[in-house]
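Participant: model the following, please.
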Amino acid sequence: MAKNKKVTSYDVAREAGVSQSAVSRVFRPGLSVSQKTRDKVMTAANRMGYRPNAIARMLITKQSGMVAVIVSSRANVNYPEVLSQVSKQLAAQNKRVLLFTLDDPDGVDELFEQIWTFQVDGVIALAAHFESHRLAQFEEHDIPVVLYNRNVPDSMANTVCCNHELGIKQLITELEKNNPKKYLVLSGPKDSDVANERREIAISLLKQFDVEDVSILYGDYSYQSGRDCLAKWLQKNPAPDAIICSNDTMAIGVIDEARENHNIHIPNDISVVGFDGITSSAWLSYQITTIKQPVEQLVKAAVAMLLERIETPDLPPEARVLTGVLIKGNSVKRP
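Facilitator: Below is the predicted model of the structure:
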């Protein structure tokens, strides 16, 4: 073979004594091929220095092999774990992640243009808010999209979610064992689908528990916003009996602010709950009562749902809801 000439799958097939289609099956995950054939092909490929051409495969399969993953810098601290899981599971299916960040709603048009340009096979939106007409644009471009841990109520979208209602009900049930009179709900930002859903569920459930004194403050999911919200409240109001935080990070901020600057004991003076079950929520200094999201199962469901729609575009929209686990920590006063 001439020097610098690229080795093709036909060269490998000839060397291994198999068909070219057998070589293709070996290098395409999920396709059936005998172990004997696989060994022959891999031996010949390694000896000849052959590697499949991704661009050529894209032309044949009409797929780029890339999945766009959209995140926000304001994403929860467990999203690096989510992103790692997404990348790992997509790689197992010979797909690669193309990462996009969206922090400003004004940047949606530019973001979408980039996604169309790269001709991705599908999209997983980890932490981005899209109106229903925006989701319709993906359909117009024949690109399936799955929303991770969020709902768009007025749109038929593919979604994978933790059961926020059940989780928050479990948290309030724990708080109600002490019969608190005054609640403070620390919500995430108003432009967050998850924050809006958790806040509205909490308010609705508190009404069902006949709780009348409920106040709301808005943060941005961050540790500092948890501290700032509590400090702002205590400037003009007495301490509440219980605080429901939109996530664990804000709950940690609340606990630190209460202890360091206001001489408030958690949980004897104020009971605090969070949501997500991030690693730091279980640290000895906090041990927050929270709902641990089933991250691995959520990611598996999201990836599976997307791949199904890449292969079968006509599948109807689907919503999968998974249940989190109540973690009873030491941030809620015991009866």
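
Participant: okay, helices next: where are they in the stretch 151-300 of the chain?
Facilitator: 164-176, 193-208, 223-236, 248-262, 295-311 (DSSP state H, counting those that start in this stretch).

Participant: most tightly packed of these?
Facilitator: Of all those, helix 248-262 carries the top mean neighbour count, a mean of 22, counting by mean count of other C-beta atoms under 10 Å. No exception for glycine: its C-beta is placed from N, CA and C like everyone else's.

Participant: so what does that helix touch, helix or strand wise?
Facilitator: Applying 3 or more C-beta pairs under 8 Å, 6 or more residues apart in numbering; DSSP states H and E, one finds that helix 248-262 contacts helix 223-236, strand 242-245, strand 271-273.

Participant: one more pass at 10 Å, please.
Facilitator: strand 182-187, helix 223-236, strand 242-245, strand 271-273, strand 290-292 (3 or more C-beta pairs under 10 Å, 6 or more residues apart in numbering; DSSP states H and E).

Participant: just how off-centre is that helix within its chain?
Facilitator: Offset of helix 248-262 from its chain centre (C-alpha atoms, centre = their mean, to the nearest Å): 25 Å.

Participant: now do it and strand 182-187, the angle between them.
Facilitator: 130 degrees (axes from the mean of the first three to the mean of the last three C-alpha atoms, to 10 degrees).

Participant: may I have helix 248-262 exported as CSV, CA atoms only?
Facilitator: C-alpha atoms of helix 248-262 as CSV (Å, rounded to 0.1, in the frame of the first residue of the first chain):
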residue,chain,number,x,y,z
ASP,A,248,-30.0,22.9,48.7
THR,A,249,-27.5,25.6,47.8
MET,A,250,-29.8,28.3,49.0
ALA,A,251,-30.6,26.3,52.1
ILE,A,252,-26.9,26.1,53.0
GLY,A,253,-26.7,29.9,52.5
VAL,A,254,-29.7,30.3,54.9
ILE,A,255,-28.1,28.1,57.5
ASP,A,256,-24.8,29.9,57.4
GLU,A,257,-26.4,33.4,57.6
ALA,A,258,-28.7,32.4,60.5
ARG,A,259,-25.8,31.1,62.5
GLU,A,260,-23.1,33.6,61.7
ASN,A,261,-24.9,36.9,61.7
HIS,A,262,-28.2,36.4,63.7
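
Participant: out of the helices and strands packed on helix 248-262, flag the one nearest Thr159.
Facilitator: strand 290-292 (18.1 Å; C-beta to C-beta).

Participant: contacts for the closest one?
Facilitator: Contact with strand 290-292 is made by 78, 162-164, 166-171, 198, 245, 247-248, 251, 272-278, 281-282, 323-329, 331, as judged by C-beta atoms under 10 Å, 6 or more residues apart in numbering.

Participant: all helices of the stretch 1-150 of the chain, in order?
Facilitator: 9-16, 20-26, 35-48, 54-61, 79-91, 108-118, 132-140.

Participant: tell me who's in contact with Thr323.
Facilitator: Counting by C-beta under 10 Å, 6+ apart, Thr323 has contacts Cys162, Asn163, Leu166, Gly167, Gln170, Ile291, Gln293, Pro294, Gln297.

Participant: on that earlier part again, so which of the helices of the stretch 151-300 of the chain gets nearest Met66?
Facilitator: helix 295-311 (11.0 Å).

Participant: so which bits of whichever helix or strand comes after that closest one are buried?
Facilitator: Toward the C-terminus, helix 295-311 is succeeded by strand 319-322 as the next helix or strand (DSSP states H and E). Residues of strand 319-322 classed as buried by neighbour count (16 or more other C-beta atoms under 10 Å): Leu322.

Participant: helices or strands up against the next helix or strand after strand 319-322?
Facilitator: Sequence-wise, the next helix or strand beyond strand 319-322 is strand 325-327, with elements assigned using DSSP H and E. When contacts are defined as 3+ C-beta pairs under 10 Å, 6+ apart, strand 325-327 packs onto helix 164-176, strand 290-292.

Participant: using JSON lines, lay out those together with distance to Asp103 and mean pLDDT.
Facilitator: Below are these laid out as JSON lines (distance: least, C-beta to C-beta, whole Å; pLDDT from 0 to 100):
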{"stretch": "helix 164-176", "distance to Asp103": "24", "mean pLDDT": "96"}
{"stretch": "strand 290-292", "distance to Asp103": "26", "mean pLDDT": "97"}
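
Participant: right, and these - which one's nearest Val82?
Facilitator: Of those, nearest to Val82 by C-beta to C-beta is strand 290-292, at 13.6 Å.

Participant: for the closest one, the distance to its chain's centre please.
Facilitator: For strand 290-292, the distance to the chain centre is 15 Å (C-alpha atoms, centre = their mean).

Participant: and for stretch 193-202?
Facilitator: That offset, for stretch 193-202, works out to 16 Å (C-alpha atoms, centre = their mean).

Participant: quick one: low-confidence residue ranges for the protein.
Facilitator: Within the chain, the stretches with pLDDT under 70 are 1-5, 29-30, 52-64, 73-78, 105, 127-128, 152-155.

Participant: which segments of it make up each domain?
Facilitator: 9-52, 64-162+295-323, 164-293 (automatic domain parsing).
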